[in-house]
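[1] Have a look at this fold, sequence not included:
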């Protein structure tokens, strides 16, 4: 505690020293240090206070967003020690260098973020501090240019799993260690030490010269994706499957297959020969290091039950349980459908004066459920499309509708996607088709939207007996007949 209070006492010393040199604007808003967060929105794992063997500290939120809040925590000493570990790690990786700068030099601000890492029982096993740059202060054309970086689409991951099932491939997962700090910076960026951090006496009054991308910089994701893509394509011989730049393949016949799906630093790898996996792991380890190297069971919040050549099941029960608990709906009675078919929602139900509390709650529920809807739950797709139209100003009927979605989830927690490597008979057909055959279903209502008299398209594509792509969306133009609406839907499906 004494060390924490000492650190709190020097919070302004670092900034005061640099301000005296003319390096910092004393009147600038410290948007990073005073950023407002809601703990319930960022807790990684909500656990019952009755959990046996879990102390008061273990029950605290996983993420501590600001240094001021960190210093009020009972385990603040552990976070302060983690700050030193983080700085040392960046220096060891040649990601930063302490240098003297002339008075008046413009410095980018920085801050620490803090997180408690837990074991499978919910007990804290590690305290993590991460140094991040306050990228909002970067100047376009001087300190950054390109910022766009893609991530793998949910469809590409499902296609990878379906292909792995049909071709009897093994699927492994791996995370690249410290992904962003592995890519070199093209721009020269000088950064002030985070306020409150007690620097080594040898570095007193110095600034940080960034040599590699740091979390928080606008170009960090772009530089990392470009680096990883070059390694996969130039060094390992992979070619892109689609235009996303996150799905790669080597396919030299059915006995030489390797598929990689990239989501920032999380990789899913399907392979026909162990040599492909060993080569990939060895390359990543030699360049940057990787962790969580194991057969794929859990990926981006999705539980994977996979048996090569037999079946694959993808579900999100744990994720939806967390969502229900967050909104206190875990013990509610269930509903049989996401939306009430007898209720037609309309903008006429929106209040003249928006209710800010309802807006925040509505957006929180919608965003939480939407991730599941695009990942494993096509049955929620239409409800999310309809309810998303009223997020700017929800009325009582819209609030009731989105709460009904939560009650529908209560009774469908075990719903998910299932693929099988066998012939199957699609609904509406009187004959079976092989698992490798794509089949698409489309449908449309006619002028079902009360506000604009637009029709809604629903489309879903199946492979290996399970959906790999689905969508529900308003058509762009008004259809003059139900037949026209159906033809437009066919175009969307194709």
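    Done, it's in. For clarity, every value in this text was computed on a predicted model and none was experimentally measured.
[2] what's the burial count for residue 242?
    Neighbour count for residue 242, taken as other CB atoms under 10 Å: 14. From N, CA and C alone the C-beta is placed, and that goes for glycine too.
[3] How is it assigned, secondary-structure-wise?
    Secondary structure, DSSP: H, G, I helix; E, B strand; the rest coil: residue 242 is coil.
[4] who's in contact with the closest residue to it other than its chain neighbours?
    Of all residues not flanking residue 242 in the chain, residue 156 sits nearest, at 6.7 Å (CB to CB, 6 or more residues apart in numbering). Residues in contact with residue 156 (CB atoms under 8 Å, 6 or more residues apart in numbering) are 241, 242, 244, 246, 247, 261.
[5] any idea which residue sits dead centre in this structure?
    Taking CA atoms, centre = their mean as the criterion, residue 300 is the residue nearest the geometric centre of the chain, at 7.2 Å.
[6] what bridges to the closest residue to that one other than its chain neighbours?
    Ranked by CB to CB, 6+ apart and with sequence neighbours excluded, the top spatial neighbour of residue 300 is residue 263, at 6.1 Å. Beta-bridge pairing of residue 263 under DSSP bridges involves residue 266.
[7] what's the distance between residue 263 and residue 324?
    Separation of residue 263 from residue 324 (CB to CB, to the nearest Å): 25 Å.
[8] so what pLDDT did residue 440 get?
    pLDDT, the model's per-residue confidence, is 91 for residue 440.
[9] So which other helices or strands are in contact with the helix or strand hosting it?
    Under the criterion of DSSP states H and E, residue 440 resides in strand 439-444. In terms of contacts (3 or more CB pairs under 8 Å, 6 or more residues apart in numbering; DSSP states H and E), strand 439-444 is packed against strand 456-463, helix 482-493.
[10] so what does the first one touch, helix or strand wise?
    It refers to strand 456-463. Applying 3+ CB pairs under 8 Å, 6+ apart, we find strand 456-463 packed against helix 381-387, strand 439-444, strand 466-474, helix 482-493.
[11] partners of the shortest one, with directions?
    This means strand 439-444. Its sheet considered, strand 439-444 pairs with strand 456-463 (antiparallel) by DSSP bridges.
[12] still on that earlier bit, for the helix or strand where the residue nearest to residue 242 lies, list every residue counted as buried.
    Take DSSP H and E as the rule and residue 156 turns out to sit in helix 154-166. Neighbour-count burial for helix 154-166, counted by 16 or more other CB atoms under 10 Å, picks out 154-166.
[13] Can you check the pLDDT for residue 107?
    Confidence score, pLDDT, at residue 107: 93.
[14] next helix or strand past the helix holding residue 156?
    strand 170-176.
[15] helices or strands next to the next helix-or-strand element following that next one in the packing?
    Per DSSP H and E, strand 170-176 leads on to strand 184-191 as the next helix or strand towards the C-terminus. Other helices and strands packing on strand 184-191, by 3+ CB pairs under 8 Å, 6+ apart, are strand 207-212, helix 220-230.
[16] how about the ones you listed, which one is nearest residue 413?
    Among the helices and strands packed on strand 184-191, the nearest to residue 413 by CB to CB is helix 220-230 (33.0 Å).
[17] What helices and strands are in contact with the closest one?
    Counting contacts by 3+ CB pairs under 8 Å, 6+ apart, helix 220-230 packs against strand 184-191.
[18] Check which residues of the strand it packs on are buried.
    For strand 184-191, the neighbour count (16+ other CB under 10 Å) marks 185, 189, 190, 191 as buried.
[19] which ones are touching the last one?
    Translated: residue 191. Neighbouring residues of residue 191 by CB under 8 Å, 6+ apart: 96, 107, 108, 109, 110, 133, 207, 208, 209, 210, 214.
[20] And the second one, how far from residue 188?
    The span separating residue 107 from residue 188 equals 12 Å under the rule CB to CB.
[21] do the fourth one as well
    From residue 109 over to residue 188 the distance is 17 Å, taken as CB to CB.
[22] for residue 313, same thing?
    According to CB to CB, residue 313 stands 50 Å off from residue 188.
[23] Please apply the same query to residue 232.
    Distance, residue 232 to residue 188, using CB to CB: 29 Å.
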